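Q: 3D, please:
(chains A and B)
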Amino acid sequence: ELKVEQNPLFLSMQEGKNYTIYCNYSTTSDRLYWYRQDPGKSLESLFVLLSNGAVKQEGRLMASLDTKARLSTLHITAAVHDLSATYFCAVAPRWVRAGGSYIPTFGRGTSLIVHP
Amino acid sequence: DTAVSQTPKYLVTQMGNDKSIKCEQNLGHDTMYWYKQDSKKFLKIMFSYNNKELIINETVPNRFSPKSPDKAHLNLHINSLELGDSAVYFCASSHTGTNTGELFFGEGSRLTVL
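A: From the prediction side, this is the model:
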């Protein structure tokens, strides 16, 4: 059974600081996703990482993927309050592909609070 | 022009009742999903349909029955509701042609069983 583990699960950080969220998974996968969820809202796609060594950046967030280590990181640079949300990683390993579709398995999410 | 829309957004009902949640996507995607998010925010896949065919049916009680009348719609009917069914149910869609598997989520339907 595929396991996707995120840490930390809770993160309280000050504005202006840097931090990294880690996502480990148990089965070979060539697809990894990062989503953001605001309280009471839907999930918004942040990054889609499709190959080993992939790195993507959007504003203060940067995501990377190491498929050999089965590890993805989401790095936050100079955090601001607007980044407060829950961040999920999700993995869709090749063998779960069915009908040409991928079925992402989600981590438990990291609840991030950025305070002044 | 919401991409993935769910109705209703909120549902409060008594134990033992039967209820349905509807989902529609206008993205032209061929795969749709139901995920359940519990009170601890854990997201778990329940069902997935590709071109109206069921491709994933996780260990979900038989009381839950999905139905996909066409590629753009995926409904979820729940019989004999139990307290443990209280959760937020998210519909999502993706397109196999893009080869990314990226999911687009609806706003969620918050179900409260009393």
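Q: use CA for all of it now, contacts and neighbours both
A: Fine.
Q: Residues of chain A that sit close to chain B?
A: Contact residues (C-alpha under 8 Å from any C-alpha of the partner chain) of chain A with chain B: A:31, A:33, A:41-45, A:48, A:50, A:92, A:98-103, A:105-109.
Q: quick one: the strands in chain B?
A: Read by DSSP state E, chain B holds these strands, from start to end of the chain: B:4-7, B:10-13, B:19-25, B:31-37, B:43-50, B:53-57, B:64-70, B:73-78, B:87-94, B:104-105, B:109-113.
Q: before we move on, back to that, let's see the PyMOL selection covering just the buried ones among the residues of chain A next to chain B.
A: Command for PyMOL, covering only those of the residues of chain A next to chain B found buried under the criterion 16 or more other C-alpha atoms under 10 Å in any protein chain shown:
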select buried, chain A and resi 31+33+42+43+44+45+48+50+92+100+101+102+103+105+106+107+108+109
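Q: Narrow the residues of chain A next to chain B to those in strands?
A: Those of the residues of chain A next to chain B mapping onto strands are A:33, A:43, A:44, A:45, A:48, A:105, A:106, per DSSP E.
Q: Closest one of these to residue B:7?
A: Using C-alpha to C-alpha, residue A:43 is the member of those that sits closest to residue B:7, with 16.7 Å.
Q: and the closest one, what pLDDT?
A: Residue A:43 is assigned a predicted lDDT (pLDDT) of 97.
Q: same check, this time on the one 5 residues further on
A: What the model reports as pLDDT for residue A:48 is 95.
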